[in-house]
Structures are given as C-alpha cells and as structure tokens.
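Visitor: A predicted structure for the sequence below; I have some questions about it.
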Amino acid sequence: MVENNKYLYLFIPIIFSYILVFFLIKNSKKKILNNFLDIEFFKTQSFHKKPVLRIGGILIYFFILLSSLVFSESSLLRDIFYISTMVFFFSVLEDFRIKMHPVIRLSILSAIIFFCVKFFNFKVYSVQFYNFDKFLNNNQLFSLIFTTLCIIFVINGSNFIDGFNGLLGIHSSIIILILGIINFYFGNLELLFICILFLICLTIFLTFNFPNSKIFLGNSGSYLIGLILAILVILTSQKTQYHKVYPFFFACLLNYIFFETFFSFFRKIIYEKKNPLYPDKKHLHMLVFSYFKTHVKTTLSINFFYILTMAVVLFFFSYPGLLKILFIVQIFLYILVYFLLIAKKK
C-alpha cells in the first residue's frame, strides 16, 4: 500500500497529464499529430463535424506510466502498467490510421490478453454455478480461455459504447466508483487507491471530452478503459470472494458493457445475417441518440438509468438469488428499450 506521505505525489501525474493534453491540442496541426485527427465524418458511429484528436489513449497510458513510477511500491499498479503497455502499443496503431482487418485485430488482442492472464494470474474463479465453477478451478486451460474471453468481451463492449461525448468515460467512472466503495468497505486499501487513481485519470479525460469534445478516446483509449475495468473487477472479486460479494454482483456491474457486445454479436449473425465484427448504427446508444438528437442527453440518460439499477444491486451485493434476478431484469430492460426504440424509429 502507498505510504500516507506519498499521497501528495498524486499531483505529479495529474499536472503532467494536463500539460500533455494542452500541448497536444495546441500542436494538433503539426504533421505527426495530423494522423491522430478524427476526420472520418462518414463513419457509422460518427456525429462530430470538426476534426478531433484521438489522444485519449495516450492520456490514459501516460497517466498509468507516471503513476506506476511515482507509486512504484504498488505491485498491482506495476502489473497493470505492464499489461496496459502491451495493449496500448497494439491498439494505438489504429488511432494513427494504420488499419487492421477486424479478425487480425481480434486475434492479436486475444493472444495478448491470454498471455497476460496466464502470466499475471488475473483469473476468474467463480461464476456462481457450482458445476461450472468446479470445472473452472480444475481445468487450467479452460480457466485461462474463459477469463480471456470475459476480458475481450469487456474491452470490445467498451469500444462499442464509445462514440458519444462522455458516454464511456462517465459509465466507467461509475463502475470504478462502485468498485472503490466495495474495496473501501472491505479494507482492500491498495485496490481502493488504484480505483481512486483511475477515477482521477477519467476525470482529466472528461474535462476535455464532455460536454464538448476537444479529444476523443480513440481505439487505444476505449481498449485501455475496458482492460482496466476488467482487471479491477477480477481483482476485486478475488479479494472479496470470502466476504460473500457474489460473482453476479460483478456481472450486474458490467452488464451494459458486456451485454452490448453479446447482444450485438448475435443480432448481426442471427437476425441480420452479416459479419458481427463490422460496425453499424443499431447499438442501443445510437438508437437513444436518434430519439434525443443530442449526445449530451444520450450520455446522461443511459448513465442515469444505469445508476438507478446499480443502486438496487449495491444494496443486495450479498444476496446471490436476488442478484441473479436483478441481472435478468437488467437484460430485460435493455431488450425492452432497444426494441421500443427500433419500433419508434420505424
């Protein structure tokens, strides 16, 4: 855990991160930074009409780098830095307009995550189903593959819901805040400190992204956020499994991000008969946007209803039966709202 007298050192990554963003924005017309400008107004998920720098990933990675140097005694933070480095230098290529085929991108990302899960032991040990949990704990390879798939789903879900100012930034801040509350309640001080660090990091990003966007997350930013959320959830689950914080609490916590990927994947394959790896305009947040006609109302409405459901879930974190019911209710509400918006749009 970080020594009390080192908390003042938090100002180092905060101040230098702000300086970095101001510098990049001021020099956005420089040739090397031109490649980071989002000028693809024709993309299905685009709503902006002016070039915006996709440097959110650079900001987040820079903050993680400085934090891991300043608070080097935190082994967990150091591990997160190592994993973030691999994911960042792979995903930032697309922000630099070096395109990859979706299958190649997914394959490389899966290989990186699989290696990290094995090397750093960020594994899921329970999903609250006895026979499945038994197999999960007795089969090393299956455990590695299952955890890798879970992390990939969260990363891709983060990438899916990114697109409107503040949507992913605010949503992930709420998730990390709840994780911070859980870790504070059970005395996991190192995880609590890491949650505080990332809340600060996301706050810095949001000051430049919401309500008006001077920077975007880009692929590297949304991938890093998804990675951090997945790791913090897995670590918190490991630390609180003996305190009766049941796995379905964390399933409810990540429900929107996770189910967005799950639903979109099967919607495209089964219902629309098309490649699920390519983007379209039929994600929930895009339908909400078509209803409100403003990204600010879209962001605030989705996160407001998420907070309402999680307020109930947080109250029942140690009731496994109720958590399963609440998880199903969340999915039902998603599907209900989705098809109501589809019907209204038609």
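Guide: Noted; the coordinates are in hand.
Visitor: lowest mean pLDDT among the helices and strands, pick that one out for this protein.
Guide: One helix or strand of the chain scores below all others by mean pLDDT, DSSP states H and E: strand 37-38, with a mean of 69.
Visitor: state the helix or strand in which Ile175 lies.
Guide: According to DSSP states H and E, Ile175 maps onto helix 167-185.
Visitor: next one: Lys99
Guide: Going by DSSP H and E, Lys99 is not in any helix or strand.
Visitor: cool, and Lys274?
Guide: Following DSSP H and E, one finds Lys274 outside all helices and strands.
Visitor: how close does the residue nearest to it when sequence neighbours are not counted sit to Ile112?
Guide: In this structure, Lys274 finds its nearest non-sequential neighbour in Lys268, 5.2 Å apart by Cβ to Cβ, 6 or more residues apart in numbering. No exception for glycine: its C-beta is placed from N, CA and C like everyone else's. Applying Cβ to Cβ, to the nearest Å, the value for Lys268 to Ile112 is 25 Å.
Visitor: neighbour count winner among the two?
Guide: Shown here are Lys268 and Ile112; by other Cβ atoms under 10 Å, Ile112 has more neighbours (20 against 17).
Visitor: which residue packs closest to that one, ignoring adjacent ones?
Guide: Met86 (5.0 Å).
Visitor: quick check: that neighbour touching Cys116?
Guide: Yes: counting by Cβ atoms under 8 Å, Met86 touches Cys116, with 6.9 Å between them.
Visitor: more neighbours: the two, which one.
Guide: Just comparing Met86 and Cys116: by other Cβ under 10 Å the higher neighbour count belongs to Cys116, 22 against 17.
Visitor: which ones are touching the more buried one?
Guide: Tyr82, Ile83, Met86, Phe122 (Cβ atoms under 8 Å, 6 or more residues apart in numbering).
Visitor: again with Phe249
Guide: Taking Cβ under 8 Å, 6+ apart as the criterion, Phe249 is in contact with Val313, Phe317, Leu323.
Visitor: neighbours around the last one, how many?
Guide: So that's Leu323. 22.
Visitor: does the spatially closest residue to it that is not a sequence neighbour sit in a helix or strand, and which one?
Guide: Leaving out its chain neighbours, the residue that sits closest to Leu323 by Cβ to Cβ, 6+ apart is Phe248, at 3.7 Å. Remark: Phe248 resides in helix 247-253, with elements defined by DSSP H and E.
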